[in-house]
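# Would you be able to build a 3D model of this:
(one chain, ligands or ions: 1)
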Amino acid sequence: MTNEPTRDGAAGATPCRLCGGPTAPAFSARDRNHRISPESFRYVSCAACGTLTLADVPADLGRYYPASYYGVPDSADAAVARDENAAHRLELLRGLVPQGRLVEIGPSYGGFLELARRAGYDVSAIELDAGCCRFISEQLRLPVTQSDDPAAALTGPYDAIVMWHVLEHLADPAALIASAAAALAPGGMLIAIAPNPESLQLKLLGGRWAHVDAPRHLALIPLAALAGEGAKHGLEVAWSTTADEDALRSNNFGWSGSLAASTQNETVARGLRLGGELVRIAVAPVERRGQRGASYTIALRKPSR
Ligand SMILES: [Zn+2]
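The predicted structure follows:
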């Protein structure tokens, strides 16, 4: 890959992971969510598009992805039941793309994918993890491509390409957007959910924000930057928000998770989580306005011919 950020040299030498523009130091963050290592990771901010890019990408990034705490589900029903976001995401999808060919990038064990199939969509998946691919193929009996390069794996044409909290993990998000634009059928939509770097929480918590999730999150892309990247390939913003069901859940995890991660004492963490819940309730009116929520949902449409 070209323009690969390096851990050597000044942070300013790291180009923006989305647009390749010049960057300046933003903040440092540790792996507070999983504590795989005690290292500190630097994020830099793009002067052109505002994207936050992880400058210190570990060579052994796979080591920072812990195995699923809950293990492999034992049935399709269990996969659906485990995905607490599947139902409201399906409702979102139906409002934007009522039917057709759907591909999900990064479906994990496919809870949403299975629910979309039951709702009548013609579904397929692109997934990195071998165990998840095996489950989707053997238990759900749905078509899945195992790949760490979703931009190359998209075939199309698709009526919907969905990515739920995947964009921030990608080595080359711009390549994915370009590939998605080419793979969409006319009128089709790329629908993504991602952490919002313009959130109130990032402003207040900086590197301690749970949704920074260093070093797993390689880029935190502002809504406008993603819309701009889509526009380069002819995609238009059909809809966006930072105050839907997903954003409200992200707000909750952002406050409770960020506070609880300050300690390894479970009793103290429980108290801090409760404290986070109170903060969330107190600031809810502010977080709901002006695109300040902890995550956003955006739908980019390829114009009909
Ligand atoms: Zn940029």
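# In its sheet, which strands sit next to the helix or strand containing Pro25, and in what direction?
Assigned by DSSP states H and E, Pro25 belongs to strand 23-30. Based on DSSP bridges, the pairing partners of strand 23-30 within the sheet are strand 40-46 (antiparallel).
# Need the residues that contact the strand it pairs with.
11-12, 14, 16, 18-19, 21-31, 51-56, 207, 212, 214-215, 220, 225 (C-beta atoms under 8 Å, 6 or more residues apart in numbering). C-beta here means a position set from N, CA and C on the backbone, and glycine is covered the same way.
# Give me the mean pLDDT for it.
Average pLDDT, strand 40-46: 96.
# any idea of the mean pLDDT for the helix or strand that comes right after it?
Moving toward the C-terminus from strand 40-46, the next helix or strand (DSSP H and E) is strand 52-54. Averaging pLDDT along strand 52-54 gives 97.
# now strand 52-54, how far from the chain's geometric center?
Relative to the centre of its chain, strand 52-54 is centred 14 Å away, using C-alpha atoms, centre = their mean, to the nearest Å.
# Can you name the element that comes right after that strand?
By DSSP H and E, the next helix or strand past strand 52-54 is helix 76-82.
# Now do the buried residues in the longest helix belonging to the chain.
Secondary structure of the chain read by DSSP state H shows that its longest helix is helix 266-287. Buried positions in helix 266-287, judged by neighbour count with 16 or more other C-beta atoms under 10 Å: Ala269, Leu272, Arg273, Gly276, Val279, Arg280, Val283, Glu287.
# Near the ion, list only the ones from the contacts of strand 40-46.
Cys16, Leu18, Cys19, Gly21, Thr51 (C-beta under 5 Å from the ion).
# what's the neighbour count on the third one?
Yep, that's Cys19 we're talking about. Neighbour count for Cys19, taken as other C-beta atoms under 10 Å: 21.
# List the contacts of it.
Going by C-beta under 8 Å, 6+ apart, Cys19 touches Cys46, Ala48, Cys49, Thr51, Ala174, Ala225, Glu229.
# which SS class is it?
coil (DSSP: H, G, I helix; E, B strand; the rest coil).
# Grab the nearest non-local neighbour of the residue of the stretch 201-305 of the chain found nearest the ion.
Residue of the stretch 201-305 of the chain nearest the ion, by C-beta to the ion: Ala225 (6.3 Å). Sequence neighbours aside, Cys49 is the residue nearest to Ala225 in space, at 3.9 Å (criterion: C-beta to C-beta, 6 or more residues apart in numbering).
# circling back to that earlier point, so which of the buried residues of helix 266-287 comes closest to Thr242?
Glu287 (8.2 Å; C-beta to C-beta).
# Was I right to think that closest one contacts Leu200?
Yes - using C-beta atoms under 8 Å, Glu287 is in contact with Leu200, at 5.5 Å.
# Mind listing residues that contact stretch 165-180?
With C-beta under 8 Å, 6+ apart, stretch 165-180 has contacts from 1, 17-19, 105-106, 150-152, 154, 161, 163, 190, 192-195, 213, 216-221, 226, 229-230, 232-233, 235, 295, 300.
# let's see it at 6 Å
18, 105-106, 150-151, 154, 161, 190, 192-195, 217, 219-220, 229-230, 233 (C-beta atoms under 6 Å, 6 or more residues apart in numbering).
# which parts of it are buried?
Buried residues in stretch 165-180 (16+ other C-beta under 10 Å): 165-174, 176-180.
# hmm, which two among the residues you listed are most spread apart?
Most distant of the buried residues of stretch 165-180, by C-beta to C-beta, are His165 and Ala178, 20.6 Å apart.
# is it true that Tyr109 touches Phe135?
Yes - judged on C-beta atoms under 6 Å, Tyr109 makes contact with Phe135 at a distance of 5.3 Å.
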